[in-house]
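[1] Sequence and predicted model, in that order:
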Amino acid sequence: QMLNKTAINNLLPLLVVLTFTLSVTVCVVVGDDSSERHPTAFTKEDLSKYDGSDPELPILLSIKRNVFDVSSAAKFYGKDGAYNIFAGREVTRAVALWSLNKEDFTDDISDLSPEQLESFEETYNTVYKAKYPIVGHYVEAHDEL
């Protein structure tokens, strides 16, 4: 019994080190936010397939060239939703201007005022980034990678 206590006391520092190492490893693996790396690239043509018309496919849209899966809000972005016109498109400008006009379906926001940009950033962060997963990024062509 004395040998067991001595063995345990001698092993205790090793167990602490191993536990710490395991904790750090788990934190690094779990903390490795792979959602910040988006290997899937979507062109305009690719993205258009995810417009809510096919119930087998997710509903996607692009804002700031980040492609979001908005399937969880199908009642808004799905086939009969009020914002279905956004589905399957790059809609940065439209979101920034609160516009449903197709000419605003672009990522160009270079001419917006500081107030418009500030309002857009708030919407982007509190609505889209907070609620929907990013599943890829928008590209003009697949050779952009």
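    Okay, I see it.

[2] can you map out the strands along this structure?
    Counting by DSSP state E, the chain has strands at residues 41-42, 60-63, 66-69, 134-138.

[3] and among those, the most buried is which?
    By mean neighbour count, with neighbours taken as mean count of other CB atoms under 10 Å, strand 60-63 ranks first of the strands of the chain at a mean of 27. Using the backbone N, CA and C atoms, a C-beta is placed for each residue, glycine as well.

[4] packing partners for it?
    helix 44-48, strand 66-69, helix 92-97, strand 134-138 (3 or more CB pairs under 8 Å, 6 or more residues apart in numbering; DSSP states H and E).

[5] could the ones you listed go into CSV alongside distance to Leu117?
    Converted to CSV, these look like this (distance: least, CB to CB, whole Å):
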stretch, distance to Leu117
helix 44-48, 24
strand 66-69, 16
helix 92-97, 7
strand 134-138, 19
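
[6] Among those, which comes closest to Tyr83?
    helix 92-97 (9.5 Å; CB to CB).

[7] for that closest one, packing partners?
    If contacts are counted by 3+ CB pairs under 8 Å, 6+ apart, helix 92-97 sits against strand 60-63, helix 114-123.

[8] What's the local residue count around Ala82?
    When neighbours are counted by other CB atoms under 10 Å, Ala82 registers 11.

[9] wait, Glu122
    10.

[10] Likewise for Thr43?
    Neighbours of Thr43 (other CB under 10 Å): 14.

[11] Tell me, how many residues neighbour the closest residue to Thr123 other than its chain neighbours?
    Nearest non-adjacent residue to Thr123, counting by CB to CB, 6 or more residues apart in numbering: Val95, 6.3 Å away. Residues near Val95, counting by other CB under 10 Å, number 21.

[12] List the contacts of Tyr50.
    By CB atoms under 8 Å, 6 or more residues apart in numbering, Tyr50 lies in contact with Phe42, Leu57, Pro58, Ile59, Leu60, Ala87, Gly88.
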